[in-house]
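Chemist: The following comprises the amino acid sequence and a computationally predicted model.
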Amino acid sequence: MSQALRQLIFDSSIPFAERAVRVFNFQKSFNSVYSTFAEVLGIAGNITSDFPIHYIPLIPIRVFKEAEIKSFDVTADLIFKSSGTGNMSQSRHFVKESSVYIKSIEKEFYRYFPKENTSILCYTPGYAENPHSSLIWMLNHLVNQDPSGLSRFIPLQQPLKKESIKDLLDSKRNIVLFGAAFGLLDLIEKESDPLPASAQIVETGGMKTHRREISKTELRNILSDGFQILQHQIHSEYGMCELLSQCYAIGGEWFEPPNWVNISVRKAEDPTKICKPHEPGKLGIIDLANLYSCPFILTDDIGIMDDSGRFKVLGRWKKAEMRGCNFLIDRD
């Protein structure tokens, strides 16, 4: 069954709702933590194809810190952990098969940045200190898949100078600078050289560790001026330790999910209810690539959605967390 599901989740010819129902029933059978959660919310058994997907329960993302949430008993191929310092608890994401993560990475990244003519420069301070970072694993994979062998991680705490990437500049390949937002700002402050006019930037979050919080609009302005490239060549990536899929905002601030991911905006006081377009709420995610962990997640990110289904991330939800999930850990 699970082998058929691995093929099904990425098949865009099958309606998303049908795929989600199949994955939910698999989770109900094999994921004891999520099954208990769904039962407490009134879903005791399997659901049928006409079940509205917005009624599928979304488990609070903090459960990844509190339990081994997975639908398998064998040894995991990978275990990703979120960033954390001191006594801060870390999310743990148990990945049964790295091949599912690889397929998710490649299908969406190469959709926008074709493998045959793209090389990436990675700059990831903060993440680099976490040996279990899913972002570092993803970038390592993309670097290793570059047929030209020119993709690389660039040294930390040093400016990016043209002479250090002369081989890449001479190759005439499309250059993508992929990095944590605060790190890219640091590169500018260290007086890095301008990028080639055709280069692109992908920034991924990370603002909370910079010396101050800035908006996406201000970030894009600084990156455009500092690296001397046009704003439509600056993109954003949305991902996290608890997800095996990424969403990209190409040339702006509105993200589009891949065909195997569904995004909704939920009312914080009642996550079973969907917010209206442009009404802020908590981002709910169904990531079918999380087949073997948990695909149905209520995040602590606040966002809005437009009429076409694109979404924008506005920041972290700062109100007190909802209580009531400890039973998930204590019950069989």
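Modeler: Alright, I've got the coordinates. Numbers count the residues shown, from 1 in each chain.
Chemist: Just to check, S164 is in contact with I154?
Modeler: Yes - counting by Cβ atoms under 8 Å, I154 is a contact partner of S164 at 7.4 Å. Every residue, glycine included, has its C-beta placed from N, CA and C.
Chemist: which residues in the chain form helices?
Modeler: Counting by DSSP state H, one finds helices in the chain at the ranges 2-8, 16-30, 32-40, 63-66, 98-112, 134-145, 166-171, 181-189, 216-227, 327-330.
Chemist: chain center to the second one: distance?
Modeler: Relative to the mean C-alpha coordinate of its chain, helix 16-30 is positioned 21 Å out (Cα atoms, centre = their mean, to the nearest Å).
Chemist: Start at 34, not 1
Modeler: That works, and once the first residue is 34, the last one we named lands at helix 49-63.
Chemist: who are the neighbours of that helix, in terms of helices and strands?
Modeler: helix 35-41, helix 65-73 (3 or more Cβ pairs under 8 Å, 6 or more residues apart in numbering; DSSP states H and E).
Chemist: can you tell which of the ones you listed is closest to F49?
Modeler: Nearest to F49 among these is helix 35-41 (11.0 Å), distances taken as Cβ to Cβ.
Chemist: most centrally placed residue in this protein?
Modeler: Relative to the mean C-alpha position of the chain, the nearest C-alpha, by Cα atoms, centre = their mean, is the one of G272, at 1.4 Å.
Chemist: excluding its backbone neighbours, what's nearest that residue?
Modeler: Q279 (4.0 Å; Cβ to Cβ, 6 or more residues apart in numbering).
Chemist: Repeat that for D219.
Modeler: That would be P158: by Cβ to Cβ, 6+ apart, it lies 7.0 Å from D219.
Chemist: Quick one: the strands in the stretch 234-365 of the chain, in order.
Modeler: 267-271, 280-282, 294-300, 303-307, 314-320, 329-338, 344-349 (DSSP state E, counting those that start in this stretch).
Chemist: Tabulate the helices and strands packed on helix 49-63 (TSV), appending mean neighbour count and mean pLDDT.
Modeler: Formatted as TSV, the helices and strands packed on helix 49-63 follow (neighbours: other Cβ atoms under 10 Å; pLDDT from 0 to 100):
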stretch	mean neighbour count	mean pLDDT
helix 35-41	13	87
helix 65-73	19	97
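Chemist: Throw these into CSV and include distance to G348, thanks.
Modeler: Below are the helices and strands packed on helix 49-63 laid out as CSV (distance: least, Cβ to Cβ, whole Å):
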stretch, distance to G348
helix 35-41, 34
helix 65-73, 26
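Chemist: and of those, who's closest to L193?
Modeler: helix 35-41 (39.0 Å).
Chemist: And for the closest one, what's in contact with it?
Modeler: Contact with helix 35-41 is made by I47, R52, R55, V56, F59, E130, V133, L324, Y325, as judged by Cβ atoms under 8 Å, 6 or more residues apart in numbering.
Chemist: rerun that using 7 Å as the cut-off
Modeler: The contact list for helix 35-41 (Cβ atoms under 7 Å, 6 or more residues apart in numbering) reads I47, R52, R55, V56, F59, V133, L324.
Chemist: By neighbour count, which of those wins?
Modeler: Taking other Cβ atoms under 10 Å as the neighbour criterion, L324 ranks highest of the contacts of helix 35-41 with 26 neighbours.
Chemist: T237 - how many residues pack around it?
Modeler: Using other Cβ under 10 Å, T237 has 23 other residues around it.
Chemist: show me what contacts it?
Modeler: L168, A213, A214, E270, G272.
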